[in-house]
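Undergrad: Show me how the following folds:
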Amino acid sequence: MGKMLDKITPLVLTYNEEANIERLLAGLAWARKIIVVDSGSSDATLRLLGADPRVTVHHRAFDNHWNQWRFALDQCAADAWVLRLDADYVVTDALVAELAALHPEADVAAYRIHFGYAMWGHVLPGSLYPANHILFRRDKVRVIENGHTEAWEVAGKILPLSARILHDDRKPMAAFIAAQSRYMAHEATAVEAGKQGWASRLRRHPPLMVVAVFFYCLIAKRLIFAGPPGWMYVMQRVVAEGILALTLLERRFRRGE
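TA: Here you go, the predicted model:
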C-alpha cells in the first residue's frame, strides 16, 4: 500500500445503515482508523461498527447535513487527509489503487471524484449524481449550507481522479421516501429563498422539474435501456422531485398565493 493511504482518514455519517455499512467497511480494509458520526441508529448499524476495532463512533442528533458534517470534521486531526463518505458508498479497488499512488503537492487541497450509481448491485449507465471533492486536507475546507444538503468550500487546488466511488443504497424504499420528505422541506426553503441554478429555476414552476427529470434520466442518461434497475432509479428521482413540487405548492396555497 502507498504512503498516502496511511494519511487518509475515512469519515462516515450513519443512521440505520445495516443494509449498507458492511459493504462500505469492506472497501476500507486499507484504513488504519475510521471515524463515524451516528445520528441515533436503532438497527444493527452500531453493532456492526462495534465489531471493527478501527472504528470510533461519535454520536450527534441530526438537525441538518451541514452541522452534522461540521461536527464530524471536528473529530479529525487538523493535518489529516479526509475521505468523507456516506454509508451507502462503495470504495472500489480502482479508487484504492489510485489513492495509494497519490503524491499531492503542497498547494493541492482536494481531489474531485466521480460516482457510479447502482440499484441493488446493478451499475447504471448514468445518473444525476454529481462529481464532488470528497478527499481533502482537513484544514483546507469549510462546510456551508446548500439547500437540503451541504456544500464544501475548498481553499486551494482541486485535482480530478479517474476512478469512481459507487453509490449503492439498499435500504427499504420506505426509508428513501421518508428521507426525501425531510430533505425536500429544506430544499423547498432554499428554492423559495432564490437558490441559483437551472434546476432551482425549474423547481420554482411545478411540475416542470418533475417532467424534465423524467425525460432527462430516460433519454440523456440512457436509462430507458437499463431495464428494471434503470426504471427504478428514474421513478425514485421523479418521486423526490414530486415531493418537492408538492411541498412548494402546499406552501403557496397556505400563503394564499
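Undergrad: I'd like the distance from the strand or helix carrying Arg237 to the chain centre, please.
TA: According to DSSP states H and E, Arg237 maps onto helix 227-255. Centroid separation for helix 227-255 versus its chain: 19 Å, with Cα atoms, centre = their mean, to the nearest Å.
Undergrad: before we move on, what about stretch 173-192?
TA: Mean C-alpha position of stretch 173-192 versus that of the full chain (Cα atoms, centre = their mean) differs by 14 Å.
Undergrad: ok, residues contacting that stretch?
TA: Contact with stretch 173-192 is made by 16, 64, 145-149, 169, 200, 203-204, 236, 239-240, 243-244, 247-248, 251, as judged by Cβ atoms under 8 Å, 6 or more residues apart in numbering. Where C-beta positions appear, they are placed from N, C-alpha and C, glycine not excepted.
Undergrad: now those residues: which count as buried?
TA: With neighbours counted using 16 or more other Cβ atoms under 10 Å, the contacts of stretch 173-192 contain these buried positions: Asn16, Gly147, His148, Asp169, Ser200, Arg203, Gln236, Ala240, Ile243, Leu244, Thr247, Leu248.
Undergrad: Nearest spatial neighbour of the second one, chain-adjacent residues omitted?
TA: Once flanking residues are discounted, Gly147 sits nearest to Ala190: 3.8 Å by Cβ to Cβ, 6 or more residues apart in numbering.
Undergrad: if I look at that neighbour, how far off is Thr56?
TA: Taking Cβ to Cβ, to the nearest Å as the criterion, Ala190 is separated from Thr56 by 33 Å.
Undergrad: same thing with Gly50?
TA: When Cβ to Cβ is the yardstick, Gly50 and Thr56 sit 10 Å from each other.
Undergrad: ok, Lys7 touching Leu83?
TA: No: under the criterion of Cβ atoms under 8 Å, Lys7 lies out of contact with Leu83, with a separation of 10.3 Å.
Undergrad: Show me which of the two is the more surrounded one.
TA: Neighbours per residue (other Cβ atoms under 10 Å) separate Lys7 from Leu83, with Leu83 holding more: 24 against 17.
Undergrad: Quick check: which helices or strands does the helix or strand where the more buried one lies pack against?
TA: Following DSSP H and E, the helix or strand that holds Leu83 is strand 81-86. Based on contacts counted as 3 or more Cβ pairs under 8 Å, 6 or more residues apart in numbering; DSSP states H and E, the elements that strand 81-86 packs against are strand 8-14, helix 65-74, strand 132-137.
Undergrad: Return the alpha-carbon coordinates of it using CSV.
TA: Output for strand 81-86, consisting of C-alpha atoms alone and laid out as CSV, is shown next (Å, rounded to 0.1, in the frame of the first residue of the first chain):
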residue,chain,number,x,y,z
TRP,A,81,-6.5,13.9,4.6
VAL,A,82,-10.2,13.2,5.0
LEU,A,83,-12.2,10.8,2.8
ARG,A,84,-15.8,11.8,3.5
LEU,A,85,-18.3,9.1,2.8
ASP,A,86,-21.9,8.3,3.0
